[in-house]
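Trainee: how would this look folded up:
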Amino acid sequence: MEYLPAIEMEWPKDLEVNASVIWLHGLGADGNDFAPIVPQLDLPQDFATRFIFPHAPSIPVSINNGYVMPAWYDIKQMDVDRHVDDEQLRLSASRVHDLINREIERGVDSSRIIVAGFSQGGAVAYEAGLSFPKPLAGIMSLSSYFATAETVQINPVHQSIPILICHGSHDPVVNESLGQKSLETLQSRGFEPEYHSYPMEHSVCPAEVVDIAAWFSKTLS
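Mentor: Purely as a prediction, here's the structure:
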């Protein structure tokens, strides 16, 4: 099977891996985007975690005049409802499923695998995580939105899955209202996400890294 190309980091090094985090970047970036954050998380030594940062394929993106760039799916209109190519998004989610299954084959229990993503990557994380057929450790969505909220086939094994949503209150790219809408949608379906807002734009801030680390530690403990 051909997997998405990815950067892999094991932290701490030289220990037998017992957890995995598959972390998806945003539009126009690549897997290098979030790798520098790993040392900052300062996870407990007994959380021997493999971080996987996949690279999205390069495709034409309509909102950027068809310019070819790394993207998990096409965005057709940059309005509040985000008209996206659902088929491409689901295809990206299925390729994340392949990465999850590879981690299981490598000996990591599915219940110790987190699916995370920033912006576009967060939208794929929702779809991939909620539709995967085995229990997962959690889903993390950063500065993102729930693009397939109306169509996702939520597997019942995830009814109590931990979900972390983080968003910037000054985000000019993905307005915080979309993060809040994701929260409300998930709550209406019985989930209990943890939500954090920060005085930042479309980025990641030090306070957010601290909260991510705390959530990883709590979720994987």
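Trainee: how deep is residue 156 tucked in, by neighbour count?
Mentor: Other residues near residue 156 come to 5 when the count uses other C-beta atoms under 10 Å. To be clear about C-beta, it is placed using only N, CA and C from the backbone, and glycine gets the same treatment.
Trainee: any idea how far it lies from residue 115?
Mentor: According to C-beta to C-beta, to the nearest Å, residue 156 and residue 115 sit 17 Å apart.
Trainee: buried sites along stretch 167-174?
Mentor: Of the residues in stretch 167-174, 167-168, 171, 174 count as buried by neighbour count, 16 or more other C-beta atoms under 10 Å.
Trainee: export it as CSV, just CAs?
Mentor: Listed next in CSV are the C-alpha coordinates belonging to stretch 167-174 (Å, rounded to 0.1, in the frame of the first residue of the first chain):
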residue,chain,number,x,y,z
HIS,A,167,-9.2,28.7,18.1
GLY,A,168,-7.9,32.3,17.8
SER,A,169,-10.4,35.1,18.7
HIS,A,170,-8.7,37.3,16.0
ASP,A,171,-8.5,34.7,13.2
PRO,A,172,-9.1,36.4,9.9
VAL,A,173,-8.8,33.2,7.9
VAL,A,174,-11.1,30.8,9.8
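Trainee: contact partners of it?
Mentor: 119, 142-145, 176, 178-180, 195-203, 205 (C-beta atoms under 8 Å, 6 or more residues apart in numbering).
Trainee: switch to 7 Å and redo it
Mentor: Here stretch 167-174 makes contact (C-beta atoms under 7 Å, 6 or more residues apart in numbering) with 119, 143-145, 176, 179, 197-203.
Trainee: stretch 189-202 too?
Mentor: If you take C-beta under 7 Å, 6+ apart as the criterion, stretch 189-202 is touched by 119, 143, 159, 163-174, 176, 183, 186, 205, 207-208, 211, 215.
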